[in-house]
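**Student:** structure of the sequence below:
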Amino acid sequence: MSEIALNINGAKMPVNAPGDETLLSVLRNRLNLTGTKYGCGEGECGACTVLLDGQAVKSCQTLTSDAVGKKITTIEGLEQHGQLTAVQQAFLDAEAFQCGYCTSGMIMRATALLHTTPAPTESEIITRMNGNVCRCGTYPRIVEAVQRASHASAKGGTR
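**Tutor:** Here you go, the predicted structure:
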């Protein structure tokens, strides 16, 4: 193991971890950032989605060594000074969750989507959100939440 510094949610965080440990494991078990969920551990469900330099990645499939020197954003890093992002607020407003286990991963993927495609069509939302699984089946509300966030951002709503 070696001491490495990760840039997580805008802060340099030193951690003593082997480079071949998954980013998910480091976030949850070494840094106590438990908003990122362990789902399948195989990159199939998306519950572990975080942003790496703005791109949605599955942290269960990302080695810590691959994250060194990059900007890591977890669900804990989205809200700023008590202000939810447009995506977070839209998920609440659309009630786009049931059990909530997939929600942080969905929000992170939607955040990345809207960063690259600010006004996606319904078809684009469905395609780009593919790979994040909701076992409760709230997909229509998830699509609605992404559409709401897109409209709120276009109107100058929360970031």
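**Student:** any idea how many residues pack against the residue lying closest to Gly43 once chain neighbours are set aside?
**Tutor:** Spatial nearest neighbour of Gly43, excluding adjacent residues (CB to CB, 6 or more residues apart in numbering): Gln61 at 4.1 Å. Glycine gets a C-beta too; all of them are placed from N, C-alpha and C. Using other CB atoms under 10 Å, Gln61 has 15 other residues around it.
**Student:** use 33 as the first number from now on
**Tutor:** New numbering, starting at 33: the last item is Gln93.
**Student:** mind listing what Gln93 touches?
**Tutor:** By CB atoms under 8 Å, 6 or more residues apart in numbering, the residues touching Gln93 are Thr54, Glu74, Gly75.
**Student:** neighbour-wise, give me the winner out of these.
**Tutor:** Among the contacts of Gln93, Thr54 has the most neighbours (other CB under 10 Å), with 22 neighbours.
**Student:** in terms of contact, does that one touch Cys92 like I think?
**Tutor:** Yes - here Thr54 reaches Cys92: they are 5.6 Å apart, a contact under CB atoms under 8 Å.
**Student:** quick one: low-confidence parts of the protein?
**Tutor:** Along the chain, segments meeting pLDDT under 70 span 189-191.
**Student:** residues touching the residue nearest the centre of it, list them.
**Tutor:** The centroid of the chain falls nearest to Met140 when counting by CA atoms, centre = their mean (2.4 Å). By CB under 8 Å, 6+ apart, the contact set of Met140 is Thr81, Val82, Leu83, Ala88, Thr105, Thr106, Ile107.
**Student:** now the buried members of the residues you listed.
**Tutor:** The neighbour-count test (16 or more other CB atoms under 10 Å) applied to these identifies Thr81, Val82, Leu83, Ala88, Thr105, Thr106, Ile107 as buried.
**Student:** so what's the fifth one closest to, chain neighbours aside?
**Tutor:** I take that to be Thr105. Leu83 (4.0 Å).
**Student:** so that neighbour, which of the three states?
**Tutor:** strand (DSSP: H, G, I helix; E, B strand; the rest coil).
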